[in-house]
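S.K.: Attaching a predicted model along with its sequence, questions to come.
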Amino acid sequence: MDARTFGRDIAHIDLTNRTVTKKPAPREWVDKYIGGRGLGVRYVLENGVDVDPLSPDNILCFMNGPLSGSETSMSGRWAAVTKSPLTNTVTDSHQGGWSAARVRWAGFDGLVFEGRADTPVYVFIEDGEIEIRDASDTWGKGIHETVAFYEERYGAKNLSVNAIGQAGENLSRFAVWVNEDDRAFGRGGTGAVGGSKNLKAIVVRAGNKKSDVPDKEAWQGARKAALETIRDEKNITSPKKGGLSVYGTNVLMNVTNSIGALGVRNSQLTSFGERAETLSGEYVEQNLLSGNPTCHACPVACKKEVTIEDGPWKGLKMESVEYEPAWALGANCDVDDIRSVAKLIDQCNDYGLDPIELGNVYSVFMECSEAGLTNGESLSWGDDARMVELTEKLALREGVGDLLADGAVRAAENLGKPDAAMAVKGQAVPAYDPRGLKGMGLGYATSNRGACHLRAYVAAAELGVVDIEADPLAWQGKGELVRIFQDLAAFSDSLDLCKFSAFAEGADEYALQWAGATGTACTADDVMKAGERIYNLERYYNNLAGFREGSDTLPRRFTEEASTLSGSKGHVSELDQMLGEYYEVRGWKDGVVPDAKLAELQIP
């Protein structure tokens, strides 16, 4: 593929010397790695694999894809890419809302932050220019107050503010960036990398600009065809009709619970029984829903704004009670009060914390407390009020919060029970128990950024969300299925389109939109080959960084302790058998990319 029109500048922002250099990405990199996730990983590889993630030597990339900010449906995404302080792997995380579009409209395809400012700073972006400005007025403030401060200074119209909270400032290894729409770069600790650089915020002001494409007729045709697929009532994405649009991501709570694939009490159980209903999207829609905001160019509107009208959190208005955080801070911790879960998610949005990792940190602390390992400080199962208290301590690194701020794996090790951390490569698992969804377990183990549902969302097939048949309790065939999902997601993350586009679209739709927008000849086979190249590039980085044979693992709880509840009763994850399949179809040797595969894919 030959990307002819993805040529806006990448801004290289040297925080040490407070200089900005603008230049396009190398043509060869764009041709091979597209943009967004793929291009960001290429920059991180070029920077070297041996850097300390929290040192000035690490770089922090915010990358648009060639479709970001365009009229393409579900194109309001961009990628944060860096070496993760949580996992020491390469990591990328994606954010919705309007930030990606406004950075594109302001004239940039990406931002690469280098070095470290000697005092807190933010960057202001407008009309193709970037200035590094003093952030002393907002350092120490939460994200919501920081956003309000810059909206007051610059006016809220056409403004996007991305910021870190106190968790990022205090270098919590799972700190995040959050924008004015409470959309987060949610995983991998990118907020801590920002904090290590004394970078508080990215403020961009830009109005809507139409896309300049080389083949308008082809692009409009591809874009409209994709939109019709999204709107099709058979798909979960169908606006105001499909489950994702009506209930948000939390439409999955009852479904996953019913098949014995919902981890409870730190995955000691696989179902929350009838209590799952009070955490579900259906319950939220009927009892708490107050709005349906959406991201740039998205007809689905999966975000669900919530207002709490009673109880201790009365008056709280927040977005959004997503499935993963509702599980992590809810069922996973034996909490069934959705109002308390909403409060905890809102704290994550304000302090700047990954709620998936936070919920796993708390479930580790609960299990260790129950075992008498916590030396005075403790946390009981279901104690949501204490969780709210601890979240502030964790973000500020006060007391026991300092121990918990480095993630589930380090907390479990420091408390003397390392097996209590349900994590892969240092990152905690999301909301799908591998004993009830076998393909998801393989996806966790082989994810290049640590345990992740979004590297290969095989649950879409195993739960019947897409038109692919896959028995959730069968391990056979999951190697090939995971590979396909991983490669397709690597490409869509590089365009950068919302993950949920894949609930309706596939390689054919992506190829046509890419071709129309860039003047690039592209087929479905090209899409999958580019995705394979990007996935192997990430694996190559990790191999160089020390993740080699034996790194693709799952916690023993999933592979040795059988589920005792209906839907998955008696099942464990047959990881070894699935890995054998997977490595064969990948052409890898025990998780390592051979030189022949690197040459075949022209990596790097």
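M.R.: Yep, that arrived. These figures come from a predicted structure and were not determined experimentally.

S.K.: And stretch 370-379, how far out from the chain middle?
M.R.: 31 Å (C-alpha atoms, centre = their mean, to the nearest Å).

S.K.: Now the terminal residues of it, how far apart.
M.R.: From its first residue to its last, stretch 370-379 covers 8 Å (C-alpha to C-alpha, to the nearest Å).

S.K.: again with stretch 200-209
M.R.: Length of stretch 200-209, first residue to last, C-alpha to C-alpha: 27 Å.

S.K.: Rounded mean pLDDT for stretch 220-233, please.
M.R.: Per-residue pLDDT values over stretch 220-233 give a mean of 95.

S.K.: Can you give me the buried ones in it?
M.R.: Of the residues in stretch 220-233, Ala222, Arg223, Ala226, Leu227, Thr229, Ile230, Arg231 count as buried by neighbour count, 16 or more other C-beta atoms under 10 Å. All C-beta atoms are positioned from the backbone trio N, CA, C, and that covers glycine.

S.K.: so is Ile130 in a helix, a strand, or just coil?
M.R.: Going by DSSP: H, G, I helix; E, B strand; the rest coil, the secondary structure assigned to Ile130 is strand.

S.K.: mind checking which helix or strand the residue of the chain most remote from its centre is in?
M.R.: Most distant from the centre of the chain: Gly376, at 34.5 Å, with distances by C-alpha atoms, centre = their mean. Using DSSP states H and E, Gly376 sits in no helix or strand.

S.K.: my read: Gly40 touches Thr91, true?
M.R.: No. Between Gly40 and Thr91 there is no contact under C-beta atoms under 8 Å: 9.8 Å.

S.K.: hey, what's in contact with both of the two?
M.R.: Val81 (C-beta atoms under 8 Å, 6 or more residues apart in numbering).

S.K.: Now name the helix or strand holding Arg133.
M.R.: According to DSSP H and E, Arg133 maps onto strand 129-134.

S.K.: May I see the buried residues of stretch 220-233 organised as CSV, with distance to Gly416 and secondary structure added?
M.R.: Output for the buried residues of stretch 220-233, formatted as CSV (distance: C-beta to C-beta, whole Å; DSSP: H, G, I helix; E, B strand; the rest coil):
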residue, distance to Gly416, secondary structure
Ala222, 56, helix
Arg223, 55, helix
Ala226, 52, helix
Leu227, 54, helix
Thr229, 52, helix
Ile230, 49, helix
Arg231, 54, helix
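
S.K.: can you map out the helices along the stretch 301-450 of the chain?
M.R.: 323-328, 338-351, 355-370, 384-396, 401-404, 408-414, 438-446 (DSSP state H, counting those that start in this stretch).

S.K.: For Val81, find the nearest of these.
M.R.: The closest of the helices of the stretch 301-450 of the chain to Val81 is helix 355-370. By C-beta to C-beta, the value is 18.3 Å.

S.K.: The closest one - contacts with which helices or strands?
M.R.: Judged by 3 or more C-beta pairs under 8 Å, 6 or more residues apart in numbering; DSSP states H and E, the packing partners of helix 355-370 are helix 323-328, helix 338-351, helix 384-396, helix 401-404, helix 408-414, strand 427-428.

S.K.: Need the winner for burial among the ones you listed.
M.R.: Neighbour counts (mean count of other C-beta atoms under 10 Å) averaged over each of the helices and strands packed on helix 355-370 peak at strand 427-428, with a mean of 30.

S.K.: so how far is that strand from its chain's centroid?
M.R.: The chain centroid and the centroid of strand 427-428 are separated by 12 Å under C-alpha atoms, centre = their mean.
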